[in-house]
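> Any chance you could fold what I've pasted below:
(4 chains)
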2 protein chains.
Amino acid sequence: MGPRERREREREEIRTRILDAARELFAAEGVEAVTMRRIADRIEYSPTAIYFHFRDKEALLAELCDCDFRVFAQQFIEIAKIPDPVARLKAAGTAYVNFGLSNPSHYRVMFMTPKAAESKTIEKGNPEEDAYAFLRGIVTELIAKDLVSGETDPDLVAQVIWSAMHGVVSLEIAKCNDTWVDWRPVEARARLVVEMILRGLLIEEGRGQRAEGRGPAQPGSAAAANAPLGPSE
Amino acid sequence: MGPRERREREREEIRTRILDAARELFAAEGVEAVTMRRIADRIEYSPTAIYFHFRDKEALLAELCDCDFRVFAQQFIEIAKIPDPVARLKAAGTAYVNFGLSNPSHYRVMFMTPKAAESKTIEKGNPEEDAYAFLRGIVTELIAKDLVSGETDPDLVAQVIWSAMHGVVSLEIAKCNDTWVDWRPVEARARLVVEMILRGLLIEEGRGQRAEGRGPAQPGSAAAANAPLGPSE
DNA sequence: TACTTAACTTAACGGTGTTAAGTAACGGAG
DNA sequence: CTCCGTTACTTAACACCGTTAAGTTAAGTA
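Sure thing, here's the model as predicted:
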């Protein structure tokens, strides 16, 4: 390896140093605290140096979010092993909500603000990186196994499920300090939204005993699926 | 009436001129286009003049949103007349979604960004102004009439319903220009989310014929409730 | 007529993202 | 080794932002 590779490696190194600095500000003080100048301060560079490594601020933030969402999406590899698609869906939903609540800044720029340039680094359609593709896959399986009542369009169903989960997460992020509403714990809201959507979605069988997903897990439902909220281990 | 009232009236007049200018920019070019300087340009004042009428930019936007949300909430007076609580819930949901989609800028600052100072001009708890109170009222009635399966906490249920609707609206606002996902029409998503949530929420009766709310209105269900999307007349 | 005050304007401050121009160090070619 | 171009930066500046301080003008009051 000549100095050619070394340069490239150093370049990559400073790139991640910038991303790390941005992430710290991101996590500690929110998106609005992330300014080019403050990032530069942290790595002891001049603000303009960043532009040599990133086209502009938006690209920087997008890459940061992409990168972190990617490591989140690796959970899907484990979740994909859950045999029962319903349990798998619940696990994926729980993981998604957890990501949003533990990374509100990422979530805000990714899903709560317009623009959001198309990601280049995430492989679209690959269920191990593309969360939507993963969800859509589960829904497709549910439909194929005739578990879904009525709807046959996997995209429509996936988008509806996503919307519901997104509603819980984004409302929590935007309104967690709001005192207008007497908020119930976000875990309870998340749980009930999943429960309602699934009851509305799935073919009813063994209905009558309500509140499925609250008692002990039924056969065919992996334990992880009902975990209240927390890394799906 | 002496010049005392005239001054006050003139003051109110310029206040609404400012709000109108802000609203135009808001609607035409989005929140980020609304700057104090551009508002000032429109009304041919200096930027600092605005500060004589509004504490700061945030207060100005908050008042604008409050004001417009209030006129939206007047629809509740009509909707409240729908006797069947389920139909009333659907009508309220439709109206809410319509508001968000036709006023994305308002919606963004009200429900998609943190901070959002507590509103002073909307009477909290008054169902004719406070949309959450209106929703909560419907849910309370549903629970009282034993139409809800399982849950007994009106706040929790109201928040879950709100979350689901909010998810559809906010995802549409944030991602309407996204090409990653093969989006289904927002009307379809909104309709299905309502359908699923209600099926999950309500005591099942006459289940089996699925896709309730798609066919002609059942008895007890006001026509407005199933209107696809559009002013609930 | 003199004074007060409301309603503005101009100028400026400190901040932002971003660009232009300059500089120092390094790697390869003659 | 020298020359040269590219790479990786820095400093200075631009255009914008929200906001404040200070000055100006007109109207109302005593």
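
> Point out where chain A drops to low pLDDT.
Within chain A, the segments meeting pLDDT under 70 span A:1-4, A:116, A:205-233.

> how about the helices of it, start to end?
With DSSP state H as the criterion, chain A has helices at A:3-29, A:36-43, A:57-73, A:75-79, A:85-102, A:104-111, A:131-144, A:154-175, A:186-201.

> end to end, how far does stretch A:40-60 reach?
13 Å (CA to CA, to the nearest Å).

> Just confirm yes or no for that stretch near chain B.
No: applying CB under 8 Å from any CB of the partner chain, one finds stretch A:40-60 separated from chain B by no less than 12.4 Å. C-betas here are computed from N, CA, C, even on glycine.

> In that stretch, which residues are buried?
A:40, A:45, A:50, A:53-54, A:60 (16 or more other CB atoms under 10 Å in any protein chain shown).

> Please identify which pair of these lies farthest apart.
A:Tyr45 and A:Leu60 (13.3 Å; CB to CB).

> Looking at the helices of chain A, which is nearest to B:Ala22?
helix A:154-175 (21.1 Å).

> The closest one relative to helix A:104-111, how many degrees between them?
Using axes from the mean of the first three to the mean of the last three CA atoms, to 10 degrees, the direction of helix A:154-175 lies 140 degrees away from that of helix A:104-111.

> if I look at A:Ser46, how far off is DNA strand D?
Computed as CB to the nearest atom of the strand, to the nearest Å, the A:Ser46 to DNA strand D distance reads 3 Å.

> nearest spatial neighbour of that residue, skipping sequence neighbours?
A:Ala40 (5.9 Å; CB to CB, 6 or more residues apart in numbering or on different chains).

> For chain A, which residue gets nearest to chain B?
A:Gly167 (2.5 Å; CB to the nearest CB).

> Spatially nearest residue to that residue (excluding sequence neighbours)?
Per CB to CB, 6+ apart, closest to A:Gly167 is B:Gly167, 2.5 Å.

> show me what contacts that neighbour?
A:162-168, A:170, B:193 (CB atoms under 8 Å, 6 or more residues apart in numbering or on different chains).

> and of the residues you listed, the nearest to DNA strand D?
A:Ser170 (24.3 Å; CB to the nearest atom of the strand).

> Surely the closest one touches B:His166?
Yes: with contact defined as CB atoms under 8 Å, A:Ser170 reaches B:His166; the gap is 7.0 Å.

> Distance-wise, check the residue of chain A closest to chain B relative to DNA strand C.
Note on A:Gly167: its distance to DNA strand C, by CB to the nearest atom of the strand, is 30 Å.

> Kindly tell me how buried A:Val109 is, as a neighbour count.
18 (other CB atoms under 10 Å in any protein chain shown).

> what about it, distance to B:Val160?
Distance, A:Val109 to B:Val160, by CB to CB, to the nearest Å: 26 Å.

> before we move on, what about A:Ala117?
For A:Ala117, the distance to B:Val160 - CB to CB - is 32 Å.

> More neighbours: the two, which one.
Using other CB under 10 Å as the criterion, A:Ala117 and B:Val160 rank with B:Val160 on top: 30 against 11.

> what residues are up against that one?
The neighbours of B:Val160, taking CB under 8 Å, 6+ apart as the test, are A:168, A:189, A:192-193, A:196, B:197.

> and if we set it to 7 Å?
A:189, A:192-193, A:196 (CB atoms under 7 Å, 6 or more residues apart in numbering or on different chains).

> Same check on A:Leu135?
Residues near A:Leu135 by CB under 7 Å, 6+ apart: A:92, A:158, A:161-162.

> do A:Leu19 as well
A:Leu19 neighbours (CB under 7 Å, 6+ apart): A:63-64, A:67.

> ok, the contacts of B:Gly167 vs B:Lys81, which is closest?
B:Val193 (24.8 Å).

> Next one: A:Ile79 from A:Met110, what distance?
On the measure of CB to CB, A:Ile79 and A:Met110 end up 20 Å apart.

> Identify the residue nearest the most centrally placed residue in chain A in space, chain neighbours excluded?
Centroid-nearest residue in chain A: A:Tyr96, 4.3 Å away (criterion: CA atoms, centre = their mean). Distances taken as CB to CB, 6+ apart place A:Met165 nearest to A:Tyr96, at 5.6 Å, with adjacent residues excluded.

> tally of neighbours for the one you found?
25.

> so it makes contact with A:Ala92?
No: using CB atoms under 7 Å, A:Met165 is not in contact with A:Ala92; the gap is 9.2 Å.

> could you list every residue that touches A:Val181?
With CB under 7 Å, 6+ apart, A:Val181 has these contacts: B:Tyr132.

> measure it to DNA strand D for me?
Relative to DNA strand D, and taking CB to the nearest atom of the strand, A:Val181 is found at 26 Å.

> Considering the buried residues of stretch A:40-60, which is situated nearest to DNA strand D?
A:Tyr45 (4.0 Å).

> Alpha carbons of stretch A:79-96, as CSV, please.
Extracted in CSV, the C-alpha atoms of stretch A:79-96 (Å, rounded to 0.1, in the frame of the first residue of the first chain):
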residue,chain,number,x,y,z
ILE,A,79,-36.1,-10.2,13.5
ALA,A,80,-36.4,-11.9,10.1
LYS,A,81,-35.8,-15.2,11.8
ILE,A,82,-39.0,-15.0,13.7
PRO,A,83,-41.2,-17.6,12.0
ASP,A,84,-44.6,-16.3,12.7
PRO,A,85,-45.2,-13.2,10.4
VAL,A,86,-47.5,-11.6,13.0
ALA,A,87,-44.9,-11.9,15.7
ARG,A,88,-42.3,-10.7,13.2
LEU,A,89,-44.4,-7.6,12.4
LYS,A,90,-44.8,-6.8,16.1
ALA,A,91,-41.1,-7.1,16.7
ALA,A,92,-40.3,-4.9,13.7
GLY,A,93,-42.8,-2.3,14.9
THR,A,94,-41.4,-2.3,18.3
ALA,A,95,-37.8,-1.9,17.0
TYR,A,96,-39.0,0.9,14.8
